[in-house]
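J.: coords please:
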Amino acid sequence: MSGALTSTSEGSTLILTLSDPAHKNALGPDIYAAGIEALNAAENNPEIRSVVITGEGAVFCAGGNLQRLQANRRELPEVQAQSIEALHNWIDAIRTYPKPVIAAVEGAAAGAGFSLALACDFIVAAGNAVFVMSYSTVALSPDGGGSWSVVRALPRALASELLMGAERISADRLHALGVVNRVTAAGAALSEALVLAARLNARAPNVLASIKELINDAPANTMSQQMDNERNHFVRNLHHANGGEGIEAFLQKRTPHYR
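T.: Numbers count the residues shown, from 1 in each chain. Sure thing, here's the model as predicted:
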């Protein structure tokens, strides 16, 4: 059994909940498949403008299920390789999804749970949340893009401490380092994430998609390449109906209504 991913909505926000509290919302292939399916459906639904990923109960996600991983040691290596590919497909779907994705983290985000949170565009975390790349504790190395995200977000020495030493890091410290966007009271991460989502939902969805694509492309581009991309996105968004609505609303001092 690899847990479940439940899907609900609040207004224009899709809420995906890791739902296996008995195993601290450990991840597995069923969740990866359900996550990709949910994002694909939401991408084609104009009523959904953002996504929040959270965990049921007091823990966001403990990472991989160690019993399942131990059982996979008795299988051919290809079995685990396929499982990690499925995880990576979900992580890639989150990174490239054209709508904002927010992680709402209570308690621990460990191993692939930490990687999952880092794949999102925003992290809202309770003050008691703890983040840990726990792989080396059980003689494993990172997956889920964790090493990529940590190295790009943090100084090398701290990245080494987290990845090699499996040191825990608090939500407050990650907030100070610019990795966590909001820190809330315990139990309030989801409600604060929904407030943030509502603010994003009020903005032009085509523009948020452009900005996310520009953010994703920027690290691999030269400045000249990035400016070419900015030009192309700007012109396309100016000539989108939302561009006219946004300018008119600003000039008329009224609230814009985007579609």
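J.: Which stretches in this structure count as strands?
T.: Ranges of strands in the chain, per DSSP state E, are 5-10, 13-18, 50-55, 101-105, 108-110, 122-126, 130-132, 169-170, 182-184.
J.: Looking at those strands, spot the one closest to Q252.
T.: Q252 lies closest to strand 50-55 among these, at 26.4 Å (CB to CB). No exception for glycine: its C-beta is placed from N, CA and C like everyone else's.
J.: Excluding its own residues, what touches that closest one? List them.
T.: Residues outside strand 50-55 that contact it (CB atoms under 8 Å, 6 or more residues apart in numbering): 12-18, 21, 25, 39, 42, 60-61, 94, 97, 99-107, 113, 116-117, 120, 189-190, 193-194, 197, 200-201.
J.: buried subset of those residues?
T.: Neighbour counting by 16 or more other CB atoms under 10 Å classes 12-18, 25, 39, 42, 60-61, 94, 97, 99-107, 113, 116-117, 120, 189-190, 193-194, 197, 200-201 among the contacts of strand 50-55 as buried.
J.: ok, residues contacting the least confident helix or strand in the chain by mean pLDDT?
T.: Within the chain, confidence by mean pLDDT, DSSP states H and E is lowest for helix 66-72 among all helices and strands, at a mean of 94. Residues outside helix 66-72 that contact it (CB under 8 Å, 6+ apart) are 2, 26, 28, 79-80, 83, 138, 140.
J.: What subset of these is buried?
T.: Buried members of the contacts of helix 66-72, counted by 16+ other CB under 10 Å: 2, 26, 28, 80, 83.
J.: Most tightly packed of the strands of the chain?
T.: Highest mean neighbour count of those: strand 101-105, a mean of 28 (counted as mean count of other CB atoms under 10 Å).
J.: what lines up beside that one in the sheet?
T.: Using DSSP bridges, the strands paired with strand 101-105 are strand 50-55 (parallel), strand 122-126 (parallel).
J.: now the angle from the longest one to strand 13-18?
T.: Which is strand 50-55. In terms of direction (axes from the mean of the first three to the mean of the last three CA atoms, to 10 degrees), strand 50-55 departs from strand 13-18 by 20 degrees.
J.: Spit out the contact partners of A104.
T.: Contacts of A104 by CB under 8 Å, 6+ apart are 52-54, 60, 124-125, 189-190, 192-193.
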